[in-house]
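**Student:** What follows is a predicted protein model with its sequence.
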Amino acid sequence: MHKTIRVKLFLTFLITTLLVVSGMYIFMRWSLDRGFSEFVETRQQEHVTNLIEGLTEYYASNQSWSNLASDKQKMD
């Protein structure tokens, strides 16, 4: 009887620990994925904003896209 109580307690603590560690892993994975997605989205939005500003300035100074279309280095 003494061994069965030890075994039951050990298994209870083992299962509890495995559940807690699994929950932490799932939460951390979800949090990391969400944070990384937000980071990528923010960087893309910054890139698009900078591109729009650059194109706006270019068009304001040249009043045309023809020079930009013929000069591939300006597009990079």
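**Tutor:** It's in.
**Student:** how would you label Arg6: helix, strand or coil?
**Tutor:** helix (DSSP: H, G, I helix; E, B strand; the rest coil).
**Student:** Around it, how many other residues sit close by?
**Tutor:** Residues lying near Arg6 (other Cβ atoms under 10 Å) number 10. Just so you know, the C-beta spots here come from the backbone N, C-alpha and C atoms, and that holds for glycine as well.
**Student:** How confident was the prediction at it?
**Tutor:** Looking at Arg6, its pLDDT stands at 90.
**Student:** Report the separation between it and Leu18.
**Tutor:** Plainly put, Arg6 is 18 Å away from Leu18 if you go by Cβ to Cβ, to the nearest Å.
**Student:** in which helix or strand would I find the residue positioned nearest the centre of the chain?
**Tutor:** Centroid-nearest residue in the chain, with Cα atoms, centre = their mean: Phe36, separated by 1.5 Å. Counting by DSSP states H and E, the element that carries Phe36 is helix 2-62.
**Student:** and the next element down the chain from that helix?
**Tutor:** helix 66-70.
**Student:** tell me the contacts of Phe36?
**Tutor:** Shown in contact with Phe36 (Cβ atoms under 8 Å, 6 or more residues apart in numbering): no residues.
**Student:** Against Ser22, how distant is it?
**Tutor:** Separation of Phe36 from Ser22 (Cβ to Cβ): 21 Å.
**Student:** And Thr12, by the same measure?
**Tutor:** For Thr12 relative to Ser22 (Cβ to Cβ), the value is 16 Å.
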